[in-house]
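Visitor: Dropping a prediction and its sequence here:
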Amino acid sequence: MWGLLRNLLAPDKSKALTTTESSRSKAGSSTPVLDVDSLDYVPLPRAPLQWETSQTISIPEAVEDFEIHDADWQISSVEKLQKEERPDPAFRQVYGSDAGLFMVDDLGKATGLGPLKSSAMVYYRDGLQGPKAPFQHDVYRTGVHALGRGVAIMSRDCVLYAYDDGLQPLLTVGLMDVPEVVGFREKFGIPDDKVKNHLRCVALSQGATQYLFTAVDEAYCCDASGKRLWSVKLPVKEGWSRVTTPSAAANTSEEIQRALALMGLSLPISPEGLKSRYRELAKKWHPDLNPGDPQAGNKMRALGTAMEALTGIDVSQVASYAGATYAKEISRHDIDVDGVRASMTVSMVVGELFAADWIYAASFASGSDAVYLAGYSGKVFALTPDGRGTCVYDIGSVPTQIVDTGDYLYLLTGTRLYILRGNELHALIDVYGAGRLMVTNNGFGFIQNKSLRWYTEGGQYLGTIVAKDPVRLVYQRGNQTIIETRQRRAIIEGVPSWW
């Protein structure tokens, strides 16, 4: 009860900006659940979990400032950077895109921009520095389309910002005000300062005409004006079944009508509306909030009895009611007692949030507005531009990146990269600690702390560039590949064109 009371008393911090009133769809609208049985199922070799292995990619330490390994590329020159040319280490988040590189300063430490909470800058494909912009919001989630021209950022107060490749604002949406987010906050009793933990993904389409965000196991896709295009919900994790714990009381119609009258309600009622009204009355009648009312305790007991009648849930569980509970059989034992055979099972019962397959990765495809959603279970769902599921890839581990170039699909986990064409597994690469994936039109690479490993788009390894100091910037200018550390720049000939 004390946990509920703290939630009831939490201050309202949801007054965030929205682009337009059209961003508010009708509250209570249902979100369809993806039907796994109706989708093409593509089982793939299971990706090891990072804590299951101690393997790492072995990158040799550089003796010289820059070195080439496993390729006949040539370092044509190494230059010492002037102070004004040196990359600012504050921009520590680097994302490849069609524009070049988006670099994000998530700690607000960039120099020369004045007071700020965060900032971003762009380096174009040819290495020329583009715009640099200070932001008056923090950076909590980031989504960059690998072949797009924009960046989506969600702040800790759950406001979604999107910028184009000139760092000009495209949209601002207060996700705390979206009816479905309001609904799950009320349903699960989530305090405002914890909502950000439940919004795991933000993404921008290739042409920056659509955006999506996820809340627990649901995804919502909108156009740039904020109009809802579609929404979907992932099925619960495998092995969990929805169960209920019924009340021992069976109430007459007259008793149910009295319960409705006590709560100031009338039929029809929804679970969300009922729970919202319960919290409203609990705030009003709870004895701890009404120390001068001797009847407050009786009112709260009557409220609990009314909720038991209207929900069929035992009164002792009403305060923590979360809409549904789920059970999973842990073990089963068959025993014989005096010739009678019986089964004994041990099950775990959890709330809906625990059984939900939270979405941990999401992205738009290239060349269309198809979407990929990956649950914590390791299932990656492919959806059409109108939100209909087509197939599910099962890799057993949630990917950290999903990139669809229109020709190849890349699914990256902490230990493995899957490369697919259609539903066919085209290549499989172990990538233990290999760094961040950067995908271009003609290949992809892993940028690690002091190295760049490069591959063809189909997964053929081409070679590695190693630096003595951490790599800050990588780009191509004409037929040359340039890598910069904090103080030096190497110009390399022979690396295949990225674009």
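Guide: Cool, the structure landed.

Visitor: Show the contacting residues for I491.
Guide: Listed by CB atoms under 8 Å, 6 or more residues apart in numbering, the contact set of I491 reads 75-79, 480-482. C-beta: built from backbone N, CA, C; applies to glycine.

Visitor: do that again at 7 Å, thanks
Guide: By CB atoms under 7 Å, 6 or more residues apart in numbering, I491 lies in contact with 76-77, 480, 482.

Visitor: Take those residues and keep only those in strands.
Guide: 76-77, 480, 482 (DSSP state E).

Visitor: Can you flag the buried ones in those?
Guide: Buried positions within the ones in strands among the contacts of I491, assessed by neighbour count (16 or more other CB atoms under 10 Å), are 480, 482.

Visitor: I'd like the ones in strands among the contacts of I491 as CSV, with distance to D293 appended.
Guide: Listed next are the ones in strands among the contacts of I491 as CSV, based on distance: CB to CB, whole Å:
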residue, distance to D293
S76, 83
S77, 82
Q480, 79
I482, 73
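
Visitor: And the ones in strands among the contacts of I491, which is closest to P87?
Guide: Nearest to P87, judged by CB to CB, of the ones in strands among the contacts of I491 is I482 at 11.7 Å.

Visitor: Distance check, the closest one against Y455.
Guide: As judged by CB to CB, to the nearest Å, I482 and Y455 stand 19 Å apart.

Visitor: Likewise for Y418?
Guide: In terms of CB to CB, Y418 sits 13 Å off from Y455.

Visitor: beta partners of the closest residue to V33 other than its chain neighbours?
Guide: Once flanking residues are discounted, V33 sits nearest to K233: 4.7 Å by CB to CB, 6 or more residues apart in numbering. Beta bridges link K233 to V33, E218, judged by DSSP bridges.

Visitor: was I right about K233 contacting E218?
Guide: Yes. The pair K233 and E218 passes the contact test of CB atoms under 7 Å, sitting 4.7 Å apart.

Visitor: okay, these two: which has more neighbours?
Guide: E218 (21 against 18; other CB atoms under 10 Å).

Visitor: Tell me which residues touch that one, please.
Guide: Neighbours of E218 in contact, by CB under 7 Å, 6+ apart: 31, 180, 231-233.

Visitor: how far does stretch 490-497 stretch from start to finish?
Guide: 17 Å (CA to CA, to the nearest Å).

Visitor: follow-up on the earlier one: please determine how far the residue nearest to V33 is located from V122.
Guide: Taking CB to CB, one finds K233 at 36 Å from V122.

Visitor: give me phi/psi at the closest residue to Q487 other than its chain neighbours?
Guide: Distances taken as CB to CB, 6+ apart put L81 closest to Q487, at 5.6 Å, once the chain neighbours are dropped. Dihedral angles of L81 (phi, psi; degrees, to the nearest 10) stand at phi -80, psi 140.

Visitor: give me the number of residues near N251?
Guide: Quick note: N251 (other CB under 10 Å) scores 17 neighbours.

Visitor: Tell me if I am right that it is in a strand.
Guide: No. N251 is assigned coil when assessed by DSSP: H, G, I helix; E, B strand; the rest coil, not a strand.

Visitor: right, and G297 touches W285 too?
Guide: No. Here G297 lies out of contact with W285, judged by CB under 7 Å, at a distance of 8.9 Å.

Visitor: Look at these two and report which has more neighbours.
Guide: Each of G297 and W285 has its neighbours counted (other CB under 10 Å); W285 has more, 19 against 13.

Visitor: Need the pLDDT of that one.
Guide: Per-residue pLDDT puts W285 at 86.

Visitor: And the helix or strand hosting L303, what's buried?
Guide: Under the criterion of DSSP states H and E, L303 resides in helix 296-311. Across helix 296-311, burial judged by 16+ other CB under 10 Å covers 296, 299-300, 302-311.

Visitor: and if you look at stretch 364-374?
Guide: Within stretch 364-374, judged by 16+ other CB under 10 Å, the buried ones are 364-366, 369-374.

Visitor: For those residues, point out the one with the lowest pLDDT.
Guide: In terms of pLDDT, the weakest of the buried residues of stretch 364-374 is D369, which scores 89.

Visitor: Look at D88 and say how many residues are nearby.
Guide: The number of residues packed near D88 is 18, by other CB under 10 Å.

Visitor: Roughly how far does the nearest residue to it once chain neighbours are set aside sit from K117?
Guide: Nearest residue to D88, sequence neighbours excluded (CB to CB, 6+ apart): A110, at 5.7 Å. According to CB to CB, A110 stands 11 Å off from K117.

Visitor: Between the two, which has more neighbouring residues?
Guide: A110 (22 against 16).

Visitor: ok so, going back, any common contacting residues for K233 and E218?
Guide: With CB under 7 Å, 6+ apart, K233 and E218 have common neighbours T31.

Visitor: in the stretch 351-499 of the chain, what spans have low per-residue confidence?
Guide: Along the stretch 351-499 of the chain, the parts satisfying pLDDT under 70 run over 351, 433-434.

Visitor: what about the helices in it?
Guide: Using DSSP state H, counting those that start in this stretch, the helices of the stretch 351-499 of the chain run over residues 352-355.

Visitor: same thing with the stretch 201-350 of the chain?
Guide: Per DSSP H, counting those that start in this stretch, the stretch 201-350 of the chain carries helices over the ranges 253-263, 271-285, 296-311.

Visitor: Tell me how far the last one lies from the chain's centre.
Guide: If I follow you right, that is helix 296-311. 38 Å (CA atoms, centre = their mean, to the nearest Å).

Visitor: Let me know the pLDDT of P246.
Guide: Listed pLDDT for P246 reads 61.

Visitor: cool, and A282?
Guide: Per the predicted model, pLDDT is 84 at A282.

Visitor: what does A215 give?
Guide: 93.

Visitor: how about it, what does it touch?
Guide: A215 sits next to 180-181, 184, 198-199 when contact means CB under 7 Å, 6+ apart.

Visitor: could the buried residues of stretch 364-374 be laid out in a markdown table, adding distance to P60?
Guide: Below are the buried residues of stretch 364-374 laid out as a markdown table (distance: CB to CB, whole Å):
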| residue | distance to P60 |
| --- | --- |
| F364 | 37 |
| A365 | 36 |
| S366 | 34 |
| D369 | 43 |
| A370 | 40 |
| V371 | 40 |
| Y372 | 35 |
| L373 | 38 |
| A374 | 33 |
